[in-house]
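Engineer: here is my input; please provide its structure:
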Amino acid sequence: MTTELRQASSVKRQALIARRTTLYAQRNSVVCLLFSVLCLLMLFACSGQNNINNPEPRTDQNLKKQNALPDSSAFINDSPLILSILPVERVSYMYERFLPFKHYLEDTLKRPVVIKVAKDYESAIHAIGNGNVHLSFLDPAAYVEARARYRDRVIPLFNIVGEEGDTSRSVFVTKEGSGIEKITDVKGKRLALGSENSSFSYLIPIAILNDVGISIKDFDTVDFLEQEDRIALSVLIGNHDVGAMSESVARKYIPDGLKIIKTSDSIPQFVLCASYKLSPDIRRQIIKSLSNIKLHGTGKFAVAEDRDFDVIRVMIKNLTGKNYIEYGPKTIKVAMLPLYSAITMYDRYESLMRYLSKKTGYEFKLVIPKDFEDFKRMVKSGKVHFSYQNPYVFALIDREVDIKPLVITVGEDCIDEGICGGDRFRGVIITRYDSDIIDIDDLKGKKIMIVSLTSAGGYLSQKIFLNRKGIDVERDVRIIDAKRQENVILGVYRGKADAGFIRESALVVWKEEIDMKRIRVLARTDYLPNWPFASIGNANQALTQKVRRLLIELNDANVLNAARIKGFKPAKEEEFENLKQY
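Structural biologist: Below you'll find the model as predicted:
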């Protein structure tokens with residue numbers, strides 16, 4: 001292409017970007033204005049102010065004027081509260097969106113409130129931590145960073161609870177007709193992300209990519225566009241093939257041709273935090289007033305706990321090695337064998353931890369190691385109080401330390417999208433649909449991916465099964481330790497291995513990530529005892545027995561459905577004796 005043609009093409013592209021950006025900005029400004037007016041009407045109605053007289057035209061100057069300190073005669077206390085918000089969009093938009101909230105606080109607290117849009121995420125973290133502002137709306141990752149640096153100087157007050165719950169999701173998007181159908185198709189493409197301090201447009205997307213064995217280096221280009229609207233527009237006009245953002249932003253652009261190809265597990269939304277310099281009395285006033293507010297079309301405020309954000313801490317630990325998880329004097333640590341990604345494990349079992357916390361008065365917290373070997377080291381070290389693991393890992397640990405099975409799991413994920421089964425589970429041997437492996441004997445000499453040498457469903461069950469068929473997996477095949485269930489499935493899917501050993505229910509968990517028509521189940525193994533929940537040592541027998549009883553009696557549908565199980569039954573040590581010989 002000649003220089004003139006390239007220049008002409010560039011000019012045309014820039015004109016298209018400018019035109020599309022203007023149209024979307026106009027549309028979004030109208031939507032934001034209508035939403036703000038509705039919220040403002042609702043908030044003034046709650047406070048008894050039913051008249052809004054002659055509002056001024058919406059300009060940056062007028063919005064800032066509305067944010068200025070009003071006549072002090074309207075307030076009991078003239079000292080203003082400073083509310084910091086992240087620079088997610090243009091400053092004038094941020095002022096506009098938060099003006100209803102500012103007015104409501106002023107009317108409730110009888111003192112002026114000033115909105116301060118932070119320069120960037122780092123400035124917002126510094127301001128709330130050092131008490132330069134009284135209140136701050138922070139992104140989950142920014143909140144976790146602030147707590148890590150400033151501890152109790154940053155106090156969580158509220159999450160915003162949407163109509164579908166108090167969580168939100170990150171998504172990967174592409175343009176309709178791009179040919180990209182699943183997250184596993186994005187290698188070699190052009191990727192658009194937001195700010196490196198953002199949960200929804202950076203941290204969660206990177207964690208998702210890691211879970212499917214894709215790194216930043218696997219893309220042709222990676223650009224940081226800061227704002228999520230820019231990401232959506234860039235994908236739509238073809239500057240990028242794939243983008244990552246919050247689900248709420250992505251859905252605005254679906255009518256224009258944006259397509260969601262991957263959705264994350266749910267995580268907490270933005271949190272309203274208070275500075276340690278804000279008096280307890282004022283914090284109580286804010287909590288009392290906001291607890292009664294119903295936000296038009298967006299739900300309500302719900303009191304936040306610091307542990308709501310442990311899932312973010314797990315992601316940060318896995319990506320950076322920084323351990324921000326906080327443990328108090330009454331914390332009870334429960335180690336979870338990482339069958340799937342840390343986020344999936346957290347999503348499944350955090351409800352169980354909260355159930356035990358509520359019933360015992362202790363704070364039960366998940367501890368999710370990076371792999372099976374790390375889990376064994378952790379349990380053997382005595383740094384955790386309870387553990388939840390497959391029966392083979394339990395049998396191996398039982399040889400060396402004092403570990404007692406309290407209960408055994410009943411039920412698991414099923415192929416038909418329900419929870420089925422009993423107190424046993426089994427493994428499967430998988431191959432690609434076009435593989436030349438037709439029966440068990442064809443596995444000899446092949447490359448086989450396994451979850452771990454200590455995995456019950458991803459190695460031991462297949463080893464026992466094949467041994468009975470005359471195949472010694474330590475001699476007759478080439479083993480590749482893939483560390484996790486999803487790595488085995490992806491390895492077989494991409495042709496990196498001829499076959500794979502996984503737990504049967506793993507096929508259900510990963511059916512959205514890959515085209516399961518390309519995966520064939522070659523064989524199913526015999527059953528093994530299901531996962532035991534165990535106690536480590538004998539430090540607190542009263543608590544141990546109470547936990548055992550609570551698990552046996554557990555019938556909370558929300559807790560059980562989240563964990564994808566039917567319940568628990570009493571365990572007997574002899575159920576695991578046979579596994580100790582392997």
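Engineer: alpha carbons only for contacts and neighbour counts from here, please
Structural biologist: Noted.
Engineer: contact partners for residue 570?
Structural biologist: Residue 570 makes contact with 406, 407, 408, 552 under the criterion C-alpha atoms under 8 Å, 6 or more residues apart in numbering.
Engineer: burial measure for the residue nearest to residue 434 when sequence neighbours are not counted, as a count.
Structural biologist: Nearest residue to residue 434, sequence neighbours excluded (C-alpha to C-alpha, 6 or more residues apart in numbering): residue 518, at 7.5 Å. Residue 518 has 14 neighbouring residues, counting by other C-alpha atoms under 10 Å.
Engineer: got it, and residue 538?
Structural biologist: Residues contacting residue 538 under the criterion other C-alpha under 10 Å number 13.
Engineer: what's the pLDDT at it?
Structural biologist: Looking at residue 538, its pLDDT stands at 71.
Engineer: assumed it was part of a helix.
Structural biologist: No - residue state for residue 538 (DSSP: H, G, I helix; E, B strand; the rest coil) corresponds to coil; a helix is not indicated.
Engineer: which of the contacts of residue 570 fall in helices?
Structural biologist: Residues of the contacts of residue 570 located in helices (DSSP state H): residue 552.
Engineer: how about residue 261, secondary structure?
Structural biologist: Secondary structure for residue 261, judged by three-state DSSP, is strand.
Engineer: surely the residue nearest to residue 434 touches residue 492?
Structural biologist: No - Residue 518 is not in contact with residue 492 according to C-alpha atoms under 8 Å; the separation is 9.5 Å.
Engineer: neighbour count and pLDDT for the contacts of residue 570 - can I get that in a markdown table?
Structural biologist: Output for those, formatted as a markdown table (neighbours: other C-alpha atoms under 10 Å; pLDDT from 0 to 100):
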| residue | neighbour count | pLDDT |
| --- | --- | --- |
| 406 | 23 | 97 |
| 407 | 24 | 97 |
| 408 | 27 | 96 |
| 552 | 17 | 97 |
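Engineer: nearest to residue 289, of the contacts of residue 570?
Structural biologist: Ranked by distance to residue 289 (C-alpha to C-alpha), these are led by residue 552 at 40.2 Å.
Engineer: in this structure the closest one contacts residue 408, no?
Structural biologist: No - here residue 552 does not reach residue 408: they are 9.1 Å apart, not a contact under C-alpha under 8 Å.
Engineer: okay, and the common contacts of these two?
Structural biologist: Counting by C-alpha under 8 Å, 6+ apart, the residues touching both residue 552 and residue 408 are 568, 569, 570.
Engineer: give the helix, strand or coil label for the closest residue to residue 245 other than its chain neighbours.
Structural biologist: Distances taken as C-alpha to C-alpha, 6+ apart place residue 201 nearest to residue 245, at 4.3 Å, with adjacent residues excluded. Secondary structure state of residue 201, per three-state DSSP, is helix.
Engineer: which residues sit in contact with residue 452?
Structural biologist: So residue 452 contacts 372, 458, 459, 481, 482, 483, 484 (C-alpha under 8 Å, 6+ apart).
Engineer: any idea how far residue 369 is from the second one?
Structural biologist: Counting by C-alpha to C-alpha, to the nearest Å, the gap between residue 458 and residue 369 amounts to 18 Å.
Engineer: shared neighbours, residue 518 and residue 492?
Structural biologist: With contacts defined as C-alpha under 8 Å, 6+ apart, the residues shared by residue 518 and residue 492 are residue 432.
Engineer: for residue 229, helix, strand, or coil?
Structural biologist: Classification of residue 229 using three-state DSSP returns helix.
Engineer: can you count the residues close to the closest residue to it other than its chain neighbours?
Structural biologist: Computed as C-alpha to C-alpha, 6+ apart, the closest residue to residue 229 that is not its neighbour in sequence is residue 249, at 7.0 Å. Residue 249 has 15 neighbours, counted by other C-alpha under 10 Å.
Engineer: report the buried residues of the strand or helix carrying residue 249.
Structural biologist: Using DSSP states H and E, residue 249 maps to helix 247-252. Within helix 247-252, the residues that count as buried by 16 or more other C-alpha atoms under 10 Å are 247, 250, 251.
Engineer: wait, isn't residue 199 in contact with residue 144?
Structural biologist: No - between residue 199 and residue 144 there is no contact under C-alpha under 8 Å: 10.5 Å.
Engineer: higher neighbour count, these two?
Structural biologist: Legend: neighbour count by other C-alpha under 10 Å for residue 199 and residue 144, higher for residue 199 (26 against 23).
Engineer: grab the nearest non-local neighbour of that one.
Structural biologist: Among residues not flanking residue 199 along the chain, residue 141 sits closest, at 5.4 Å (C-alpha to C-alpha, 6+ apart).
Engineer: mind splitting this protein into its structural domains?
Structural biologist: Per automatic domain parsing, the domain ranges recorded for the chain read 11-166+269-307, 170-264, 327-412+531-581, 424-529.
Engineer: just checking the distance from the last one to the centre of its chain.
Structural biologist: Computed by C-alpha atoms, centre = their mean, to the nearest Å, the chain-centroid distance of domain 424-529 equals 28 Å.
Engineer: right, and the domains of the chain - which one's nearest residue 314?
Structural biologist: Closest approach to residue 314 among those is made by domain 327-412+531-581 (6.9 Å; C-alpha to C-alpha).
Engineer: ok, which stretches of the stretch 351-500 of the chain are strands?
Structural biologist: In the stretch 351-500 of the chain, the segments counted as strands under DSSP state E, counting those that start in this stretch are 363-367, 386-388, 403-410, 412-413, 419-420, 424-432, 447-450, 478-481, 499-503.
Engineer: list the pairing partners of the third one within its sheet, with orientation.
Structural biologist: In other words, strand 403-410. Paired neighbours of strand 403-410 in the sheet (DSSP bridges): strand 532-536 (antiparallel), strand 567-570 (antiparallel).
Engineer: who touches the longest one?
Structural biologist: Contact with strand 532-536 is made by 379, 382, 384-391, 394, 402-409, 544, 571, as judged by C-alpha under 8 Å, 6+ apart.
Engineer: list only those of these flagged as buried.
Structural biologist: Here, 16+ other C-alpha under 10 Å leaves 379, 384-391, 394, 403-409, 544, 571 buried among the contacts of strand 532-536.
Engineer: sorry, back to before: quick one: residues contacting the residue nearest to residue 245.
Structural biologist: Applying C-alpha under 8 Å, 6+ apart to residue 201 gives the contacts 170, 193, 194, 195, 228, 244, 245, 246.
Engineer: closest to residue 471 out of the residues you listed?
Structural biologist: Looking at these and their distance to residue 471, the nearest is residue 170, at 44.7 Å (C-alpha to C-alpha).
Engineer: that closest one: neighbour count?
Structural biologist: Neighbours of residue 170 under the rule other C-alpha under 10 Å: 26.
Engineer: one more: residue 506?
Structural biologist: 22.
Engineer: so who does the nearest residue to it once chain neighbours are set aside touch?
Structural biologist: In space, residue 506 comes closest to residue 485 once its chain neighbours are excluded; the distance is 6.6 Å by C-alpha to C-alpha, 6+ apart. Going by C-alpha under 8 Å, 6+ apart, residue 485 touches 339, 340, 450, 451, 458, 502, 503, 506.
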